[in-house]
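Visitor: Mind folding the following:
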Amino acid sequence: MIKAIYFDFFNTLYPYDSERFLQSLSEIYDIFFKKYYKDIKKEDFLDAYYYALEKQMSEVEKTLLEPDLKKRFLDLISFLNIEYKEEKFIELWNIYEDVIVKNTQAPNFLKDFLNSLNMKYKLGIISNVRTTGQVIRPLQRDGLLKYFSIVVTSSDEGIVKPNKDIFQRGVRRLKLRESEVVFVGDQWDADIIGSYNAGLKPIYLLQWLKPVEQKKPGYRKWLNDFSISEEERDIDVPEADHLLNVPDVIREYYGDSE
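Guide: Numbering: from 1, shown residues only. Below you'll find the model as predicted:
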């Protein structure tokens, strides 16, 4: 019997795609770099940020350890030939989280959906985020944190999905068995393969994905940020085209709750 549901956060509970992330980076530039470094062009800032991001994520793929946001910012300012100053660095860190939180908005159905689910299942979140505040603060602001028994983040745990340990830590904190827990996520490698290998029951959410990003044979390899085997790429898991359909998918594929 299914007793709990863990969710990914970004692009599962809260839509947050690459366009919104680019919007957030543009706002960070306008707030911070226009204030202190007017000679740096926005396109140069964006190039430097994505360079630092890609450099860091290439290491994460090998280790499955949580990337250090401070190191990413240090690479960013080094690439832009900016002198390190602690007070400005702290300000940039705070602006980064504030802007992302501001641009992270709950869909209008989410509160009623979580309230209904919470009557039947324990709920939790397992998310790859650079700061836990990126998850906690939107939930607090929107009055939704109360629905979640556990929030597990890579920034707290020091490891990232698809490392199966982060899923199993979440299950242990609920005092349940892996077979009693569903995981709902939008990333085939990090969420679906990771939770599957950890023994949870995955559901692949298509709601916020563009058609080209959805799991189809011609696109699966393109989607992967982490290396997975051909066998893992082809596992058969149920899909939900909308969060509201998740309870029906659970009943159909995994059995109802007690």
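Visitor: In the protein, what residue spans correspond to strands?
Guide: Using DSSP state E, the strands of the chain run over 4-7, 122-127, 150-153, 181-185, 201-205, 239-240.
Visitor: Give me the below-cutoff pLDDT ranges for the chain.
Guide: Residue ranges of the chain with pLDDT under 70: 210-233, 256-258.
Visitor: Pipe the strands of the chain into TSV and attach distance to Tyr50 per row.
Guide: (C-beta placed from N, C-alpha, C; glycine too.) Listed next are the strands of the chain as TSV, based on distance: least, Cβ to Cβ, whole Å:
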stretch	distance to Tyr50
strand 4-7	28
strand 122-127	21
strand 150-153	23
strand 181-185	24
strand 201-205	26
strand 239-240	30
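Visitor: can you tell me which of these comes nearest to Lys161?
Guide: Among the strands of the chain, the nearest to Lys161 by Cβ to Cβ is strand 122-127 (6.7 Å).
Visitor: quick one: buried residues of that closest one?
Guide: Lys122, Leu123, Gly124, Ile125, Ile126, Ser127 (16 or more other Cβ atoms under 10 Å).
Visitor: Switch the residues you listed over to TSV; also include distance to Pro162.
Guide: Listed next are these as TSV, based on distance: Cβ to Cβ, whole Å:
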residue	distance to Pro162
Lys122	22
Leu123	21
Gly124	17
Ile125	16
Ile126	11
Ser127	13
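Visitor: Out of these, which is nearest to Val237?
Guide: Ile126 (16.4 Å).
Visitor: dump the residue contacts of the residue nearest to that closest one when sequence neighbours are not counted.
Guide: Residue nearest to Ile126 in three dimensions, not counting chain neighbours: Val152, with 4.6 Å by Cβ to Cβ, 6 or more residues apart in numbering. Listed by Cβ atoms under 8 Å, 6 or more residues apart in numbering, the contact set of Val152 reads Tyr6, Gly124, Ile125, Ile126, Ser127, Ile166, Arg169, Gly170, Arg173.
Visitor: and if you look at Lys164?
Guide: Gly194, Asn197, Ala198, Gly199.
Visitor: hmm, back to that, ok, the residue nearest to Ile126 to Asp189 distance?
Guide: 18 Å (Cβ to Cβ, to the nearest Å).
Visitor: you'd agree Glu157 is up against Arg169?
Guide: Yes - when contacts are counted by Cβ atoms under 8 Å, Glu157 is listed as touching Arg169 (6.4 Å).
Visitor: how near is Leu65 to Phe73?
Guide: Applying Cβ to Cβ to Leu65 and Phe73 gives a distance of 18 Å.
Visitor: Comparing these two, which shows the higher neighbour count?
Guide: The neighbour comparison of Leu65 against Phe73 (other Cβ atoms under 10 Å) goes to Phe73, with 17 against 14.
Visitor: Surely the more buried one is in contact with Trp93?
Guide: Yes - contact criterion Cβ under 8 Å: Phe73 and Trp93 qualify, at 6.9 Å.
Visitor: ok, back up a step: among the contacts of Val152, which one lies nearest to Glu86?
Guide: Out of those, the member with the shortest distance to Glu86 (by Cβ to Cβ) is Ser127, at 28.6 Å.
Visitor: how about the residue lying closest to the closest one once chain neighbours are set aside, what does it touch?
Guide: Nearest residue to Ser127 in three dimensions, chain neighbours excluded: Phe9, at 3.8 Å (Cβ to Cβ, 6+ apart). Taking Cβ under 8 Å, 6+ apart, we find Phe9 in contact with Ile125, Ser127, Val129, Gln134, Val135.
Visitor: Give the phi and psi angles for Phe9, as a check.
Guide: Dihedral pair for Phe9: phi -100, psi -70, per degrees, to the nearest 10.
Visitor: quick one: it from Leu64, how far?
Guide: 18 Å.
Visitor: is it possible to export the contacts of Val152 to TSV including distance to Lys42?
Guide: Below are the contacts of Val152 laid out as TSV (distance: Cβ to Cβ, whole Å):
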residue	distance to Lys42
Tyr6	38
Gly124	38
Ile125	33
Ile126	34
Ser127	29
Ile166	35
Arg169	40
Gly170	39
Arg173	42
